[in-house]
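Trainee: what's the 3D shape of this:
(one chain, ligands or ions: 1)
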Amino acid sequence: MALQVIALTAIAAVYLVVRYFNRTDIPKIDGLPEIPGVPIFGNLLQLGSSHAKVAQGWVKQYGPVFQVRMGNRRIVFANTFESVKHIWITNQSALISRPTLHTFHKIVSSSQGYTIGTSPWDESCKQRRKAAATALNRPAVQSYMPIIDLESNVSIKELLEDSKYGQIDVDPIPYFQRYALNTSLSLNYGIRIDGDKDDELLREICDVERAVSNFRSTSNNWQDYIPLLRLWPSRNNEAAEYRVRRDVYLTKLLDMLKSQVANGTDKPCITGNVLKDPEAKLNEAEIKSICLTMVSAGLDTVPGNLIMLIALLSSPSYAHIQRTAYTAIRTAYPSTSAWHACLAEEKIPYISALVKETLRYWTVIPICLPRVSVKPIVYNTTTIPAGTTFYMNAYAADYDATHFKDPETFLPERYLDVGEGGTPHYGYGAGSRMCAGSHLANRELYVAFVRLISAFEFVSPAEERDMPVLDCLQANAIPTSLTMEPRKFKVGIRVRDRDVLERWMGESEEATKGLL
Ligand code: HEM
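Mentor: Residues are numbered from 1 along each chain as shown. Here you go, the predicted structure:
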């Protein structure tokens with residue numbers, strides 16, 4: 001009898017423990033397909049290291065929108081162009097918040113606060129987003145073109161010199177990390193890193209931000225979903241180490257700006273304006289959040305797109321894209337130089353289409369940034385309650401064959417003759433919390449594409465092992481990272497006309513010398 005009681009108690013205890021760890025923040029949503037999973041882990045094991053691909057594969061059986069369990073979180077995944085449009089755009093006022101996740105919010109961000117893109121919606125987030133959106137709107141971005149002139153020129157010049165004018169293959173990644181980072185630093189602090197691509201501060205910021213992006217990932221941090229795993233100290237310690245390293249450069253940059261403001265030697269910049277504005281509604285913590293956003297947002301994303309286009313142009317099977325782009329540039333500017341004109345205007349439709357197709361083809365944030373609903377959302381006949389976490393499978397939506405003809409083919413032409421209306425892709429997300437830096441990013445990409453294609457013909461590297469991987473997901477060196485980090489590769493560059501290029505670079509140097 002005693003044995004039976006012990007056995008029954010043990011079974012009851014196991015049952016209660018499993019039930020306790022199996023509960024989800026939001027109960028099962030009736031009427032929405034649910035992917036069968038296992039206790040405690042839910043669907044985490046099935047999702048593995050490629051959430052975007054696995055979720056895309058489930059569409060056939062479960063439909064475009066389904067619920068998954070990731071540990072104790074219930075998440076609604078949307079995986080097609082139309083379903084994302086309905087939930088993110090039609091219901092944008094309901095889908096305006098962001099979830100908080102243990103590793104990023106409680107450990108990595110405990111000192112500098114959250115970026116705008118990781119902040120739940122409240123009055124402070126609204127003010128910060130408004131400040132960033134104003135500083136990044138179309139007219140403001142146009143006023144930053146001298147910075148883009150300087151940074152693209154510096155990077156192209158160093159790329160050219162390091163390749164010994166095209167004699168040796170080069171890895172383009174660090175040059176364009178500096179392009180994106182220096183642009184953001186100049187806008188935000190009026191400060192740029194003037195060392196070469198191996199500069200210590202540049203490398204430190206790139207390395208730390210890359211690691212932080214991994215801690216932000218929705219697919220890399222099981223401890224965010226399974227609270228028991230938080231007892232394991234090593235992951236927490238690693239995240240805390242990066243927080244300390246991040247604090248060093250963020251504090252240094254802000255202190256430099258503050259002392260320049262005090263001495264009257266500061267350059268016009270976003271944070272300088274806030275610091276000097278007696279009416280500014282932002283407190284110290286909010287200023288830090290904007291700084292953090294500006295340092296990380298462009299660095300995480302712009303280089304991935306830019307570098308992958310270079311990879312594609314260098315591949316023999318895409319030589320026609322390079323030819324068409326070069327011809328389009330020459331046709332638009334037969335006698336004047338596109339090198340300078342691209343700063344003032346965007347009048348080469350093929351290059352604008354190339355930018356869009358690059359953003360679609362390499363959706364550099366494949367699962368976008370997570371959202372939380374603040375009001376119920378109706379999808380078909382199902383009401384999804386407020387407080388639910390939503391993941392946009394932007395990769396699957398951007399490769400949705402019911403919306404894009406031949407989605408696996410890189411085809412800039414798909415964006416010619418379609419006008420400006422509608423969302424061209426979900427590379428920038430969508431709706432109320434869509435990327436606030438999209439105008440800036442578009443201009444950074446457009447100028448870089450025009451200048452690189454005008455200056456060089458890209459060719460395959462001499463060594464087979466240096467060849468790039470082009471597939472959107474396989475090209476990612478860390479598949480579980482939040483943002484794409486291209487695998488290392490090299491390219492060969494052939495200078496189209498050295499004299500002309502040197503003249504352009506000299507003219508840009510002259511025009512931007514006041515910014516150094
Ligand atoms: C190619 C470059 C870029 C890509 C692909 C990109 C992509 C994204 C995506 C997917 C989101 C989430 C949107 C959503 O939830 O719907 C986002 C948010 C954001 N991005 Fe970008 N981004 C890029 C460049 C930039 C730049 C250069 C800046 C500013 C310097 C920036 C600032 C922001 C901000 C502030 C948010 C947060 C918006 C919010 O939560 O309200 N981004 N970005």
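Trainee: So Val355 sits against Val450, correct?
Mentor: No - contact between Val355 and Val450 fails when scored by C-beta atoms under 8 Å: they sit 10.0 Å apart. The way it works is simple: take the backbone N, C-alpha and C, and place the C-beta from them, glycine included.
Trainee: residue in the stretch 1-150 of the chain nearest to the ligand?
Mentor: Ranking the residues of the stretch 1-150 of the chain by distance to the ligand (C-beta to the nearest ligand atom) places Gly117 first, at 3.3 Å.
Trainee: Could I get the pLDDT score of that residue?
Mentor: At Gly117 the predicted local confidence, pLDDT, stands at 92.
Trainee: and it, that's in a helix?
Mentor: Yes - the assignment for Gly117 by DSSP: H, G, I helix; E, B strand; the rest coil puts it in a helix.
Trainee: check contacts around it.
Mentor: For Gly117, the contacting residues are 98, 293, 297, 369, 433, by C-beta atoms under 8 Å, 6 or more residues apart in numbering.
Trainee: again, but for Ala280
Mentor: Val274.
Trainee: and what of the one 4 residues further on?
Mentor: The contact partners of Glu284, by C-beta under 8 Å, 6+ apart, come to none.
Trainee: dump the residue contacts of the residue positioned nearest the centre of the chain.
Mentor: When the chain is reduced to its mean C-alpha position, the nearest residue by C-alpha atoms, centre = their mean turns out to be Thr301, at 3.7 Å. Thr301 sits next to 180, 364-365, 441, 483 when contact means C-beta under 8 Å, 6+ apart.
Trainee: Show only the entries of those found in strands.
Mentor: When strands are assigned by DSSP state E, not one member of those lies inside them.
Trainee: Quick check: buried residues in the strand or helix carrying Gln260?
Mentor: Using DSSP states H and E, Gln260 falls within helix 233-263. Burial within helix 233-263, assessed by neighbour count using 16 or more other C-beta atoms under 10 Å, is assigned to 235-236, 238-239, 242-243, 246, 250, 253-254, 257, 260-261.
Trainee: would you list those in a markdown table and tack on distance to Arg496 and pLDDT?
Mentor: Supplementary listing: the buried residues of helix 233-263 in a markdown table, determined by distance: C-beta to C-beta, whole Å; pLDDT from 0 to 100:
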| residue | distance to Arg496 | pLDDT |
| --- | --- | --- |
| Arg235 | 49 | 61 |
| Asn236 | 52 | 68 |
| Glu238 | 46 | 78 |
| Ala239 | 47 | 78 |
| Tyr242 | 42 | 88 |
| Arg243 | 46 | 86 |
| Arg246 | 41 | 91 |
| Leu250 | 41 | 93 |
| Leu253 | 38 | 95 |
| Leu254 | 42 | 94 |
| Leu257 | 40 | 95 |
| Gln260 | 41 | 94 |
| Val261 | 44 | 93 |
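Trainee: Return only those of these found close to the ligand.
Mentor: Of the residues in the buried residues of helix 233-263, proximity to the ligand by C-beta under 6 Å from any ligand atom holds for none.
Trainee: of the residues you listed, closest to Asp196?
Mentor: Leu253 (19.2 Å; C-beta to C-beta).
Trainee: ok, so what distance separates the closest one from Tyr242?
Mentor: In this structure, Leu253 lies at 17 Å from Tyr242, with C-beta to C-beta, to the nearest Å as the measure.
Trainee: ok, now Gly190?
Mentor: Taken as C-beta to C-beta, the spacing of Gly190 relative to Tyr242 amounts to 26 Å.
Trainee: Ala386 now?
Mentor: Distance from Ala386 to Tyr242, by C-beta to C-beta: 33 Å.
Trainee: cool, and Asn188?
Mentor: Applying C-beta to C-beta, one obtains 20 Å for the distance of Asn188 from Tyr242.
Trainee: which parts of the chain sit against the ligand?
Mentor: Among all residues of the chain, those adjacent to the ligand (criterion: C-beta under 6 Å from any ligand atom) are 116-117, 129, 132, 136, 184, 293-294, 297-298, 301-302, 305, 359, 364-365, 368-369, 427-431, 433-437, 440-441.
Trainee: Now list the buried members of those.
Mentor: For the residues of the chain next to the ligand, a burial check counting by 16+ other C-beta under 10 Å picks out 116-117, 129, 132, 136, 184, 293-294, 297-298, 301-302, 305, 359, 364-365, 368-369, 427-431, 433-437, 440-441.
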